[in-house]
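# Fold the following.
(chains A, B, C and D)
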Number of protein chains: 2
Amino acid sequence: MTVTIYDVAREANVSMATVSRVVNGNQNVKPATRKKVLKVIEELGYRPNAVARGLASKKTTTVGVILPDISNSSYSELARGIEDIATMYRYNIILSNSDQNPNKELQLLETMLGKQVDGIVFMSDVISDELRKEMERSPTPIVLAGSLDDTATIASVNIDYYAAAYEAVQKFIDSGHKKIAYISGPLSSEINREHKLKAYQDALKEAGLGYDERLVVECNNTYEEGLAAVQTLESVEPTAYFVSNDEMSIGVIHAVEALGKKIPEDVEVITYENSKLARMARPMLTAVALPLYDIGAVSMRLLTKYMNDEEIEENQVVLPYRLEERQSTKHV
Amino acid sequence: MTVTIYDVAREANVSMATVSRVVNGNQNVKPATRKKVLKVIEELGYRPNAVARGLASKKTTTVGVILPDISNSSYSELARGIEDIATMYRYNIILSNSDQNPNKELQLLETMLGKQVDGIVFMSDVISDELRKEMERSPTPIVLAGSLDDTATIASVNIDYYAAAYEAVQKFIDSGHKKIAYISGPLSSEINREHKLKAYQDALKEAGLGYDERLVVECNNTYEEGLAAVQTLESVEPTAYFVSNDEMSIGVIHAVEALGKKIPEDVEVITYENSKLARMARPMLTAVALPLYDIGAVSMRLLTKYMNDEEIEENQVVLPYRLEERQSTKHV
DNA sequence: CTGTTAGCGCATTCAC
DNA sequence: GTGAATGCGCTAACAG
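The predicted model follows:
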C-alpha cells in the first residue's frame, strides 16, 4: 500500500542506505546512482515517512507553541512571527491554546514533550513556580516569548516594559497633565503589575504628583471594559489615559467622546500595543509599539540556536520599542 | 538517559505489553498490577514517546491545518474553532500559513502528509485544479473550511454565501436605495466573484435596477483600500455600501464621514464578516454574520468522523448565517 | 490476565 | 561509493 524506502531500494537496485543518502542530500553518492534513485522515487511516488525518520534520528523538525489564545490579535501576530522563522528553518509548528490556565499549560507542555518536539516557544502572563520547575527540567529547549521569568533561568525575549510605560506616562506629565488614569489589563499579569503600573507610579512620584489609586482601573482587556472604565472614572475627570492595550483604548476613546470631550484637545490617550487597531481608530491612537511579530520571530530564532547547540551570548533578549505618535495626543 | 517502556517493565516485573496496556487504558489488567505499573511510571517519570507510538500504530493524533494567514483575525477565529474541537477529541494541530500561494499550499500539503497527520483542514479562497487533484488522491481525509470546491468531491463546510449577500443587497433595495456600491475583496476569490458579486448583480437586476460597474470596486481587503474605495466613488455618490469584510468596512465609514455624510442617515453600510471589529466601529456595523469559529469547529468535527471511519451523511455542510442589524443601517 | 514476538520505516554505524 | 545489520520505542497479534 504505502511505498517505503525499501521499495525504492529494490526497484533501483541499490540498498536502502543509498536511498536514505539521496533523500537526505548526502554527498557520498555517485551522480549516476543518485539520478537513478531519484527517478524511481518519482515513479513510485515515494514520500519519506517523517515519523519513522523522527524515531530513528530523534529529531522531529517540529516545535511546540503554547500561547493563551490564537484568536486574540496580539497572540496571532506573535504566532505569525514564530511561524515565519520556523518555516525559514524548516520546522513545523504544533500550536495550542492555553487560555492562561496553569493546569492546561502544564498538560500541554507534557503533551508537546511526549510528541518529541525539538523545542518549545511558550507565552503566558504569569509563569507559576511549578511550571517554571517543569521547564527547567525539560530535556528540550524552551524560550519564553513576551513572558517574564524573574529568575532569568529560562531563555526569553521581551522589551523593556517598564521603560516603555515610563516614557508614555512621562509624556503626559510633560504636557502638564495632573490627572492621569491608567486603564490596566489584569494585574495578575506581572507585566501589568510590576512594570506598567510600577512605571506609572514611579513617574508620577518623581514628578511630584501624588498617586491617586482611584485613577487606576483594572479590566479584562476587552473593548467593553475600556468603555466602562471611563464611565467609572467620570467623576474624577482624568485628562489623560494610559491604556494597557488597543482594544480597551478604542473603548476609552469612544466613551470619552460620548461624554462630549474632544481627543486630543480635552483628553489625551496613549495605548500600549500598536496593532492594526491603533491605525483604524478615529482619532488614530498614539501608541507604545509592542513589536509582537518581532518578539515571536526572535524567540523562534533563539530557539533554533538552542536546538543546534549554538553558542548563546545572552539568554534574556530585550528588543527595542518605540513611541508612535498619532492623533490621540497633542503634538508639541 | 530517556526512560522507555522497557525500563518500566523491568522495574515493575511485568512485560512491556502490560505496561503498554496500562498506559493505553486497556481494561485487561489486574488492578493490582496496574497500580504497581502506575507507581513505577511515576517513580521513573516515564513519558510515552508519541513518535514511536505513531510509527507502531500508524496514528499520530495530530491534524494539519493550512490557512492563508493566522495573523488575520478571520483566520485566527477559524483556527480557534478548529483547535477547540481538536482538543476535545485529543488531537493536536500542526498549523501553517500558505499566504494563498498555490505552490506553498501544495508543498505544505506534501509536508503534512509526510508527517503522517491523521487528517487535514484546509482553507483557501481558490482551489486550483492541481491542488484538488492532490487532495483527491490524498490517503488521509481532508476537509475544506470556508472554501468552495465546485466539484463537491472534497468535504467542506460553508455558509450559503450567495443567499447571505443577496439578503444584504435586498435590504438596501427595500430601503429605496438606487446607487448601491459593492466594495469587494479580490475577485480572484470564488466567493467574492461567483457568490457575493453575483448575488449583488442578480438582486439589482431582479429589482429592475441597472448594473453600473462603476459601483463595484475591487480591493485587497485592507482598511486603507476601504478608505480609498470611497474616494474613488466620490463622484458617483452611492447611498449604500455593501462591503466584503469588516476591516474595509471601517475604512468605508471613516471615509464616508470624512466626506461630511452621516451614517446611516445619508449613507448605509452593511459589512460581511462580523468580527469583533463590527462592534468596535462607530457607528457599529450592521453585518452579515459569517460564523468563522463555527465553520472551523464543524470542519474539525467532520474531520473526526472521517478519521474514525464513521458514516457521513453529507460531505457538503452548509451552516446558517444571519443578518445582524446595528447602527450602520436604518431601522424600519 | 499476561508475556513473546514481530514489525512500523528509517538513520546510522561499520565494513567493504 | 555502497551495502548489511542494528535499533529507535512502541503497538499489535498471538499464545498461553
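
# Now the stretch 151-300 of chain A against DNA strand C: closest residue?
Residue nearest to DNA strand C within the stretch 151-300 of chain A (Cβ to the nearest atom of the strand): A:M300, separated by 22.8 Å. For every residue, glycine as well, the C-beta is placed using N, CA and C.

# and that residue, what does it touch?
A:V63, A:G81, A:I82, A:E83, A:D84, A:I85, A:A86, A:Y89, A:V121 (Cβ atoms under 8 Å, 6 or more residues apart in numbering or on different chains).

# From the residues you listed, which land in strands?
A:V63, A:V121 (DSSP state E).

# hmm, which of the contacts of A:M300 are the buried ones?
Buried by 16 or more other Cβ atoms under 10 Å in any protein chain shown: A:V63, A:G81, A:I82, A:E83, A:I85, A:A86, A:V121, out of the contacts of A:M300.

# thought A:T4 was touching A:N49?
Yes: between A:T4 and A:N49 there is a contact at 7.3 Å, judged by Cβ atoms under 8 Å.

# Comparing the two, which residue is more hemmed in?
Taking neighbours as other Cβ atoms under 10 Å in any protein chain shown, A:T4 and A:N49 compare with A:N49 leading, 20 against 17.

# burial count for the closest residue to that one other than its chain neighbours?
Spatially, and ignoring its direct neighbours in sequence, A:N49 is nearest to B:Q116 (6.3 Å; Cβ to Cβ, 6 or more residues apart in numbering or on different chains). Using other Cβ under 10 Å, B:Q116 is surrounded by 23 other residues.

# OK, contacts around B:Q116?
A:N49, A:A50, A:V51, B:G54, B:K58, B:T60.

# gap between the third one and DNA strand D?
With distances defined as Cβ to the nearest atom of the strand, to the nearest Å, the gap from A:V51 to DNA strand D amounts to 9 Å.

# Is that residue part of a helix or strand, or is it coil?
helix (DSSP: H, G, I helix; E, B strand; the rest coil).

# what residues are up against it?
By Cβ under 8 Å, 6+ apart, the contact set of A:V51 is B:V51, B:G54, B:L55, B:T60, B:K115, B:Q116.

# for A:H195, same thing?
Contacts of A:H195 (Cβ under 8 Å, 6+ apart): A:Y161, A:Y162, A:A165.

# Quick check, the last one in contact with A:A199.
Yes: A:A165 is within contact range of A:A199, at 3.7 Å (criterion: Cβ under 8 Å).

# How about the residues of the stretch 101-250 of chain A by DNA strand C?
Within the stretch 101-250 of chain A, no position is adjacent to DNA strand C by Cβ under 7 Å from any atom of the strand.

# can you pull out the strands in the stretch 101-250 of chain A?
A:119-122, A:142-145, A:155-159, A:180-184, A:216-218, A:240-243 (DSSP state E, counting those that start in this stretch).

# Parallel or antiparallel, which strands does the first one pair with?
Partner strands for strand A:119-122, per DSSP bridges, with pairing direction: strand A:62-67 (parallel), strand A:142-145 (parallel).

# repeat for the last one
Using DSSP bridges, strand A:240-243 pairs in its sheet with strand A:180-184 (parallel), strand A:268-273 (parallel).

# Please apply the same query to the fifth one.
Sheet neighbours of strand A:216-218, with direction, are listed as strand A:180-184 (parallel) (DSSP bridges).

# residues from the stretch 51-200 of chain A in reach of DNA strand D?
So the stretch 51-200 of chain A meets DNA strand D at A:A52, A:L55, A:A56, A:K58 (Cβ under 7 Å from any atom of the strand).

# Most neighbours among those, which one?
Counting by other Cβ under 10 Å, top hit in those: A:L55 with 18 neighbours.

# angle of whatever helix or strand it lives in against helix B:50-57?
If you go by DSSP states H and E, A:L55 is part of helix A:50-57. Going by axes from the mean of the first three to the mean of the last three Cα atoms, to 10 degrees, helix A:50-57 is angled at 120 degrees with respect to helix B:50-57.

# Enumerate the positions of stretch A:192-202 that are buried.
Buried residues in stretch A:192-202, counted by 16+ other Cβ under 10 Å: A:N192, A:R193, A:H195, A:K196, A:L197, A:A199, A:Y200, A:D202.

# just the helices in chain A please.
A:5-12, A:16-23, A:31-44, A:50-57, A:73-88, A:102-114, A:129-137, A:161-174, A:190, A:198-206, A:223-232, A:246-258, A:276-280, A:292-307 (DSSP state H).

# tell me how far the fifth one is from the chain's mean position?
So that's helix A:73-88. Helix A:73-88 sits 8 Å away from the centroid of its parent chain (Cα atoms, centre = their mean, to the nearest Å).

# A:Y241: what's it in contact with?
A:I180, A:A181, A:Y182, A:I183, A:V230, A:S249, A:V252, A:V256, A:V267, A:E268, A:V269, A:I270.

# now the third one: how far from A:Q100?
With the distance defined as Cβ to Cβ, to the nearest Å, A:Y182 ends up 21 Å from A:Q100.

# ok, the two, which is more surrounded?
The neighbour comparison of A:Y182 against A:Q100 (other Cβ under 10 Å) goes to A:Y182, with 27 against 17.

# and the more buried one, bridged to which residues?
A:V216, A:F242.

# Contact partners for it?
Contacts of A:Y182 by Cβ under 8 Å, 6+ apart are A:V169, A:K196, A:L197, A:Y200, A:L215, A:V216, A:V217, A:Y241, A:F242, A:V243, A:S244.

# Let's see that with 6 Å instead.
A:Y200, A:V216, A:F242 (Cβ atoms under 6 Å, 6 or more residues apart in numbering or on different chains).

# Would you mind stating the distance between the second one and A:I183?
Translated: A:V216. Noted for A:V216: a distance of 8 Å to A:I183, by Cβ to Cβ.

# what's the answer for the last one, then?
Computed with Cβ to Cβ, the distance linking A:F242 and A:I183 is 7 Å.

# same question, A:P320
25 Å.
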